[in-house]
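**Q** One predicted model, sequence on top.
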Amino acid sequence: MAEKSTFARRVRAARPRATKYEVRDDAVSGLALTIQPTGVRTYILSRMVRRRRRYATIGSADAMTIPEARREARRLIASYIEPAKTENGPRTPGHPMDAFAAEFLDRQARHWKPRTRETNARVVRKDILPAFGHLAVDAIAVEHVKDWFASMSARPGIANRAMPVLSMMMRMAELWGYRRHNSNPCRNTRRYRMKPMERFLTADEMARLNAVLTRDEFRCPDVVAIVRLLMLTGCRFGEIAALEWDWIKGKRIHLPDSKSGPRTVWLSSAARAVIDAIPHYSEDCPYLFPARPPTQRVDNIAFQWDRIRAEAGLPGLRLHDLRHSWASVAAVNGVDMVTIAKLLGHALVETTERYVHLSDRSVTDAADRVSNRIHAALAGRGAAQEGGRDHAQG
């Protein structure tokens with residue numbers, strides 16, 4: 001009991017640091033709690049089995065207790081070892097894929113956020129089961145996967161979303177004994193190359209968009225406020241649409257949950273002014289942007305947004321492009337990538353780098369500044385500009 005209580009105390013006391021770190025369990029070898037700088041806390045398993053390191057994400061520390069994490073870790077360890085004892089073959093051969101899909105969605109649901117659950121369930125229902133539902137889980141071969149993936153070449157985005165879900169299903173099928181160990185038929189399947197969507201607003205486009213928003217302030221005030229907050233904070237649409245009054249403290253928004261876990265959004269004076277102008281619907285309504293009925297928050301502004309962007313002369317502009325624009329403006333104005341990542345709520349700086357798109361002019365200006373500095377140095381003027389003259393004379 002001393003070991004268990006020690007781990008429990010360390011888990012409760014764990015706080016985010018500048019880098020990710022782990023708190024290891026003494027009761028189950030390989031079980032650990034990882035704490036991200038963003039505050040996301042996740043139970044993981046890292047265990048050597050037959051000279052091979054096996055990794056697994058067990059679940060969010062907010063969604064499961066320590067005893068639940070230990071039970072799941074022990075079950076996974078048993079699933080790693082048992083296939084080796086049965087000559088690497090499935091313990092339950094011939095299991096129907098449609099039945100396995102239902103089990104997969106049920107057992108994995110607690111590891112996913114609500115939006116991820118909805119997306120993965122839709123992918124399984126619309127894209128995976130029509131192709132594989134008539135097969136047994138252990139009968140799905142590499143050829144089946146390749147033919148299925150090739151059949152979606154005209155829909156590369158959908159194919160690229162569906163492939164990881166099928167691969168995860170096959171991986172879980174191995175762990176749960178429905179497939180031979182180390183037989184994932186999705187392995188080494190390359191995703192389709194997608195043209196990156198590099199859309200961001202120029203200053204002129206922002207002015208045009210703002211002119212339409214100003215004109216529509218009485219026509220659809222909630223939509224105008226949402227769009228302006230997206231532009232001024234760089235938040236995701238779901239984060240702004242779900243805002244509750246209790247989350248706003250001064251010039252900060254404390255989001256209890258987001259794509260990367262709980263995080264703080266820092267409000268500029270302009271963003272705070274937008275919030276201050278939003279009227280409270282009623283005392284018992286927690287949302288800044290209630291739907292009808294007001295017990296729910298608004299979840300879609302597509303109709304109004306289509307009209308607004310068309311009237312601003314910005315066809316095809318997505319709400320998410322406002323987030324890209326925020327990141328680009330921050331980068332052009334000298335904000336470093338680590339700070340932008342923190343402000344956007346990205347766990348990885350690499351994700352932020354995909355968001356930041358610099359205009360041709362800003363890139364050209366940067367190239368000119370670098371080249372001019374090098375040219376000055378070659379001409380003997382660089383040392384003086386960098387303080388070298390004082391050093392030489394001193």
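**A** Yep, that arrived. Numbers count the residues shown, from 1 in each chain.
**Q** only C-alpha atoms for contact and neighbour calcs from this point on.
**A** Noted.
**Q** List the buried residues for stretch 262-275?
**A** 263-267, 271-272, 274-275 (16 or more other C-alpha atoms under 10 Å).
**Q** oh, I was asking about stretch 63-73
**A** Buried, per 16+ other C-alpha under 10 Å, within stretch 63-73: 66, 69-70, 72-73.
**Q** Then stretch 189-205?
**A** 192, 199-201.
**Q** okay if I get these as a markdown table plus distance to Leu33 and secondary structure?
**A** Shown next, in a markdown table, are the buried residues of stretch 189-205 (distance: C-alpha to C-alpha, whole Å; DSSP: H, G, I helix; E, B strand; the rest coil):
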| residue | distance to Leu33 | secondary structure |
| --- | --- | --- |
| Tyr192 | 35 | coil |
| Arg199 | 38 | coil |
| Phe200 | 38 | coil |
| Leu201 | 41 | coil |
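**Q** Show me which of those has the smallest pLDDT value.
**A** Checking pLDDT across the buried residues of stretch 189-205, the minimum falls on Arg199 at 77.
**Q** How about that one: what's its closest non-neighbour residue?
**A** Asp321 (6.1 Å; C-alpha to C-alpha, 6 or more residues apart in numbering).
**Q** count of neighbours near that neighbour?
**A** 21 (other C-alpha atoms under 10 Å).
**Q** Am I right that it is in a helix?
**A** Yes - assessed with DSSP: H, G, I helix; E, B strand; the rest coil, Asp321 lies in a helix.
**Q** Tell me the pLDDT of it.
**A** pLDDT recorded at Asp321 is 89.
**Q** quick one: contacts for it?
**A** Contacts here follow C-alpha atoms under 8 Å, 6 or more residues apart in numbering; on that basis Asp321 touches 199-201.
**Q** The spatially most central residue of the chain and Thr116: what is the separation?
**A** Centroid-nearest residue in the chain: Lys259, 4.8 Å away (criterion: C-alpha atoms, centre = their mean). Counting by C-alpha to C-alpha, to the nearest Å, the gap from Lys259 to Thr116 is 10 Å.
**Q** go on, Ala78?
**A** In terms of C-alpha to C-alpha, Ala78 sits 28 Å off from Thr116.
**Q** Tell me where the chain has strands.
**A** Using DSSP state E, the strands assigned to the chain run over residues 21-24, 31-35, 41-49, 52-60, 248-249, 252-255, 263-266.
**Q** Select, out of those strands, the one closest to Met168.
**A** Taking C-alpha to C-alpha, strand 52-60 is the member of those nearest to Met168, at 11.3 Å.
**Q** mind checking how far that closest one is from the chain centre?
**A** Averaging C-alpha positions (C-alpha atoms, centre = their mean, to the nearest Å) puts strand 52-60 19 Å from its chain's average.
**Q** Surely Leu175 touches Arg75?
**A** No - Leu175 is not in contact with Arg75 according to C-alpha atoms under 8 Å; the separation is 9.3 Å.
**Q** And these two? Which one has more around it.
**A** Using other C-alpha under 10 Å as the criterion, Leu175 and Arg75 rank with Leu175 on top: 23 against 13.
**Q** who's in contact with Ile240?
**A** Ile240 neighbours (C-alpha under 8 Å, 6+ apart): 226, 229-230.
**Q** let's see 10 Å
**A** 225-227, 229-230, 233-234, 253, 255, 288-289, 298-299 (C-alpha atoms under 10 Å, 6 or more residues apart in numbering).
**Q** ok, and the most crowded of those residues?
**A** Phe289 (26 neighbours).
**Q** distance of that residue from Arg115?
**A** 19 Å.
**Q** Equivalent analysis for Glu311, please.
**A** From Glu311 to Arg115 the distance is 31 Å (C-alpha to C-alpha).
**Q** Between those two, which is the more surrounded one?
**A** Legend: neighbour count by other C-alpha under 10 Å for Glu311 and Arg115, higher for Glu311 (14 against 10).
**Q** Just give the nearest non-adjacent residue to Pro256, would you?
**A** Distances taken as C-alpha to C-alpha, 6+ apart put Pro262 closest to Pro256, at 4.7 Å, once the chain neighbours are dropped.
**Q** typo on my end, it should be Ser268
**A** With C-alpha to C-alpha, 6+ apart as the criterion, Ser268 has its nearest non-adjacent residue at 7.0 Å, and that residue is Lys251.
**Q** can you check Pro96 too?
**A** Using C-alpha to C-alpha, 6+ apart, the nearest residue to Pro96 is Ala136, at 4.4 Å.
**Q** Would you confirm that that neighbour contacts Met97?
**A** Yes - between Ala136 and Met97 there is a contact under C-alpha atoms under 10 Å: 5.2 Å.
**Q** what sits opposite the residue nearest to Thr57 when sequence neighbours are not counted in the beta ladder?
**A** Distances taken as C-alpha to C-alpha, 6+ apart place Ile44 nearest to Thr57, at 4.5 Å, with adjacent residues excluded. Judged by DSSP bridges, the bridge partners of Ile44 are Ala32, Thr57.
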